[in-house]
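*Asks:* sequence first, predicted model second:
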Amino acid sequence: MADKKKKAPRKQWNNKPKKQSSGAPTLNPDEIVLYGIHAVKAALLNKKRRFIKVLATRNAADRLTESLNARGLSADIVEPEAINALTGPEAVHQGMAALVRPIETQDIHDVQDAKLAIVLDQITDPHNVGAIMRSATALGVDAIITTHRNAPRETGLLAKTASGGLEHINLVNVTNLAQALTKLNDFGFVTIGLDSEGPQGLNETLYGDKIALVLGAEGKGLRRLTRERCDVLARIDMPGPIKSLNVSNAATLSTFMASQYLNKKTE
């Protein structure tokens, strides 16, 4: 009987990105690619963000010279095709990409002193989550709380959609969302679940000194246990014929209303 051929040993990941012929590095499992001028610039301004490599066309690198110098970094000048190989041909990278480590998320206990938080109940679309991050950052939200599972991981698409918000917002990952809502109550938060058919308008349910807005995925809405753990369920009253909003738009509007309420309390 003929000897069986020995299988080639499985290749192991190493810490250094390997160069491909295109000039783009091969990603390790703990690396992500940020792309686009706004996303990369925001990452450069974030002292917690760890950089591995920056790739840029000459024009794009010139636009970020000051930010790169401030971090003691320089860009590898490449052709757009090299960045396409790293980000994928559909990504609008504007001639700039960065290979980075993910941002370390926080614990639920880190939000004890926060005033305004957003809780996402299994919202998985990175476009929606990125848009929520962008609005949350602009409106002064202290933290976004998501679950470890059934939530988008940190990716270039998420960062691009957040337009810098990913680098500024405090992210909290929890294993059990219902238990996290109970913790928020213990910290003094009023937890308000957004529901297009809620029994009260949001304006009527804003109270207390600390607010956590809880939003569910489009179509599914809030899960049963999440709904039960919220202090109140509220709808956003719309004057037009369409009574429901895309989840990112609902997050923006409800956050604006909550932030206005909290600001008035401190005046």
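*Replies:* Right, received. Where do you want to start?
*Asks:* chain neighbours aside, what residue packs nearest to residue 173?
*Replies:* Closest residue to residue 173 apart from its sequence neighbours, by Cβ to Cβ, 6 or more residues apart in numbering: residue 105 at 4.6 Å. (C-beta placed from N, C-alpha, C; glycine too.)
*Asks:* help me confirm that the one you found comes into contact with residue 171.
*Replies:* Yes. Shown here, residue 105 and residue 171 form a contact pair, counting by Cβ atoms under 8 Å, at 4.7 Å.
*Asks:* hey, where'd the strands end up in the stretch 51-200 of the chain?
*Replies:* 51-56, 76-77, 96-100, 116-121, 143-147, 170-174, 190-194, 200-201 (DSSP state E, counting those that start in this stretch).
*Asks:* so which bits of the first one are buried?
*Replies:* When burial is assessed from 16 or more other Cβ atoms under 10 Å, strand 51-56 yields the following buried residues: 51-56.
*Asks:* my read is that residue 257 contacts residue 206, right?
*Replies:* Yes. Residue 257 is within contact range of residue 206, at 6.9 Å (criterion: Cβ under 8 Å).
*Asks:* can you map out the helices along the stretch 151-267 of the chain?
*Replies:* 156-162, 165-168, 177-186, 202-205, 224-229, 247-266 (DSSP state H, counting those that start in this stretch).
*Asks:* what about these, which gets the closest to residue 141?
*Replies:* helix 247-266 (6.1 Å; Cβ to Cβ).
*Asks:* name the helices or strands packed onto the closest one?
*Replies:* strand 116-121, helix 126-138, strand 190-194, helix 202-205, strand 211-216 (3 or more Cβ pairs under 8 Å, 6 or more residues apart in numbering; DSSP states H and E).
*Asks:* output the below-cut-off pLDDT ranges for this protein.
*Replies:* For the chain, the stretches with pLDDT under 70 are 1-27, 29.
*Asks:* repeat the analysis, applying 80 as the threshold.
*Replies:* For the chain, the stretches with pLDDT under 80 are 1-29, 243-244, 267.
*Asks:* would you list the buried residues of strand 51-56 in TSV and tack on distance to residue 161?
*Replies:* Below are those laid out as TSV (distance: Cβ to Cβ, whole Å):
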residue	distance to residue 161
51	21
52	22
53	23
54	21
55	21
56	21
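*Asks:* my read: residue 102 touches residue 34, true?
*Replies:* No. With contact defined as Cβ under 8 Å, residue 102 does not count as touching residue 34 (10.5 Å).
*Asks:* these two - which one has more neighbours?
*Replies:* Neighbour comparison, residue 102 and residue 34: the larger count goes to residue 34, with 30 against 14 (by other Cβ atoms under 10 Å).
*Asks:* mind telling me what element the more buried one is part of?
*Replies:* If you go by DSSP states H and E, residue 34 is part of strand 32-35.
*Asks:* which other helices and strands does that strand contact?
*Replies:* helix 80-87, strand 96-100, helix 156-162.
*Asks:* next SSE downstream of that strand?
*Replies:* helix 37-45.
*Asks:* what about the residue nearest to residue 227 when sequence neighbours are not counted, distance to residue 155?
*Replies:* Closest residue to residue 227 apart from its sequence neighbours, by Cβ to Cβ, 6+ apart: residue 193 at 5.6 Å. Separation of residue 193 from residue 155 (Cβ to Cβ, to the nearest Å) stands at 27 Å.
*Asks:* so which of these two has more stuff around it?
*Replies:* Using other Cβ under 10 Å as the criterion, residue 193 and residue 155 rank with residue 193 on top: 25 against 16.
*Asks:* hey, what's the more buried one bridged with?
*Replies:* Judged by DSSP bridges, the bridge partners of residue 193 are residue 214, residue 233.
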